[in-house]
Structure formats: C-alpha cells, structure tokens
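Engineer: model the following, please.
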Amino acid sequence: MKRLALIALVALAACKEEKAAIAPEPVALTEAALSYFCQMNVAEHGGPKGQIHLQGYPAPIFFAQVRDLVTYLKSPEREAEITAVYVSDMGAAVSWAEPGTTNWIAADKAVFVVGAGVAGGMGAPEVVPFGDPSAADRFITRYGGRALQLDAIPDAEVLGPVDLNQPLQNPA
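Structural biologist: Sure, this is the predicted structure:
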C-alpha cells in the first residue's frame, strides 16, 4: 500500500511539473502597454518589441526595445521566475514603424541580428529578432550585422554604454 501511495505521489508531482512547464501565450500589444524600464507607451515607438512573462504576474512586462529585454534577461536581479519570453518577428512586421501587435515568437526560437547599426524604439542600437533565418540574412545584407541565437548575444551589445554620436539607421 505504501508503494502504491508513493507511485501516486510521484505521478502527481510529475503532472504538476508538466503544467508548470507550459509557457503562457504571448499577449497582443495594446496602447496601454508601458515599457518596463522607462514607463513610456510601447506602441508609440518603432522597431521590435518584447514581452516577458513572470511567474505569479497576471500580465507580461513589455519592452519598447529588444535590447532592453535582453538587458533584463542578463540582469541577476528579477522580480520573479521567468515563464516565457517573446519578441516581435520583424520578418512578419509591416514595417519598422509598424512592427506588429501579434506577430510574437518565442525568443529562444528567434534569430537575432546584432551590430547592424539600426536604432530601436528608444534610439539605442537595436537587437533585431526574426523567426525565419533567411529574413535575418536579407536584413544583414541591407543593414549589416551578424545573426546570433539569444544565448549568444554578447553582453557588450546590450549592457555597454551607448555612443550617442554613433549614426544609426531607421530601417524602412
């Protein structure tokens, strides 16, 4: 009988772990979304966006620039455990000015272009996510940079100082 109870307890724990491992779905970007660091309206700025879901929080925290999202991920101080991270798929965006409100992709599945010299929504050099590697390659051909996975983005790309005299492009 004890053995049966132990098996049932292990099975129940496994079920709870599976449920906890299911990531929440991305949330559509609305006019009410504020950027985590600056508390400015996310939708008012061009370029790719990001959202991070935290355990125990009813809504995600948004970022007006993917660079800021990656900064948050690299930071040791967090408010809660991260349950999901989504970024704009710029290959599916209407334009840089209109990055989309629902074209989110899981950040760990995206290809990021770094070092392209393009300005994100807050004016700093941007890290540009794509769901399709060929779309990232086309972007690199036009704007420069290199393609990396999320975990390979160097700290200097997001944590280093921003040179305000560096000319940055606003992609079409």
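Engineer: so what's the backbone phi/psi at residue 152?
Structural biologist: Main-chain torsions, residue 152, degrees, to the nearest 10: phi -100, psi 0.
Engineer: please apply the same query to residue 72.
Structural biologist: Reported as degrees, to the nearest 10, the phi and psi values for residue 72 are phi -60, psi -40.
Engineer: what count of nearby residues applies to it?
Structural biologist: 19 (other CB atoms under 10 Å). For every residue, glycine as well, the C-beta is placed using N, CA and C.
Engineer: could you do residue 61 as well?
Structural biologist: Residue 61, neighbours per other CB under 10 Å, totals 20.
Engineer: using CSV, write down the CA coordinates of the helix or strand harbouring residue 84.
Structural biologist: Assessed by DSSP states H and E, residue 84 sits inside strand 82-88. The C-alpha atoms that make up strand 82-88 are tabulated as CSV, following Å, rounded to 0.1, in the frame of the first residue of the first chain:
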residue,chain,number,x,y,z
ILE,A,82,10.6,34.0,-16.0
THR,A,83,8.0,31.7,-17.5
ALA,A,84,8.1,32.9,-21.2
VAL,A,85,9.9,35.4,-23.4
TYR,A,86,8.5,36.7,-26.7
VAL,A,87,9.9,39.1,-29.3
SER,A,88,8.5,40.7,-32.4
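Engineer: note down every partner strand of it and its orientation.
Structural biologist: Strand 82-88 sits in its sheet next to strand 50-54 (antiparallel), strand 104-106 (antiparallel), going by DSSP bridges.
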